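>>> here is a sequence with its predicted model. Questions after.
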Amino acid sequence: MKIPLKPSMLKVRRKGIKWIIIHHTSEMYEQPEARIDNPKYQLPGLFKGVLEMKQGDINYHYVIDKIQEDYVPIVCRPFSFICEWDDINADINERALHVALLGNYDFKIPEKRLYDILAYRVLNPALKLFRIPPSRIKLHNEVTNNKDLTCPGDFVDAAVIEAMVRKFVIK
């Protein structure tokens, strides 16, 4: 399936990246009963926004998906474009890199390997590239103005993310 990309529909980043925000992909569903934790439904849901709703691109810079037996970060949007999240303060959102974990982590506990891949393949290189301190890695529910939001899920542990980031420090 060829995905039509429409960069002209995306907002261009005018400021440097200073934040990394972690999401999960179940937030894309409006009805709670549709929040099925199954990649068979989740991944097509990401593409649906591009193909059917005519969004310019997937609204994350990275999505980490389990492909066969291991987790793989997939680049979804170039860093030069802003991901649009109305519930996040513009001062943070316009300077953020958005990373999504494919799945619903309100229903399941992330595997250690997912944390390893998140830290080693995505977070640490971004911290080094953009000169961001680990304290600027935030969960979506920490930066939203929607106090009912659980994204990236009740089972995603910020302390484990921080520990993994410190384990894989790039010098």
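Structure's in. What do you need?

>>> chain center to the one helix or strand Val99 maps to, what's the gap?
Taking DSSP states H and E as the criterion, Val99 maps to strand 96-101. Centre-to-centre, strand 96-101 and its host chain are 3 Å apart (CA atoms, centre = their mean, to the nearest Å).

>>> can you list the strands that that strand pairs with?
Note on strand 96-101: by DSSP bridges, its sheet partners are strand 19-24 (parallel), strand 62-67 (parallel).

>>> can you redo those strands as TSV with distance to His98?
C-betas here are computed from N, CA, C, even on glycine. Formatted as TSV, those follow (distance: least, CB to CB, whole Å):
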stretch	distance to His98
strand 19-24	5
strand 62-67	8
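
>>> next, format those as JSON lines and append mean pLDDT and mean neighbour count.
Formatted as JSON lines, the strands paired with strand 96-101 follow (pLDDT from 0 to 100; neighbours: other CB atoms under 10 Å):
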{"stretch": "strand 19-24", "mean pLDDT": "94", "mean neighbour count": "25"}
{"stretch": "strand 62-67", "mean pLDDT": "88", "mean neighbour count": "19"}
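
>>> out of those strands, which comes closest to Gly153?
Closest to Gly153 of the strands paired with strand 96-101, according to CB to CB: strand 19-24, at 4.9 Å.

>>> what does that closest one rub up against?
60, 85, 88, 92-93, 95-106, 118, 123, 126-127, 132, 136-140, 143, 151-153, 156, 161 (CB atoms under 8 Å, 6 or more residues apart in numbering).

>>> since we're on Ala158, how many residues are nearby?
Ala158: 14 surrounding residues under other CB atoms under 10 Å.
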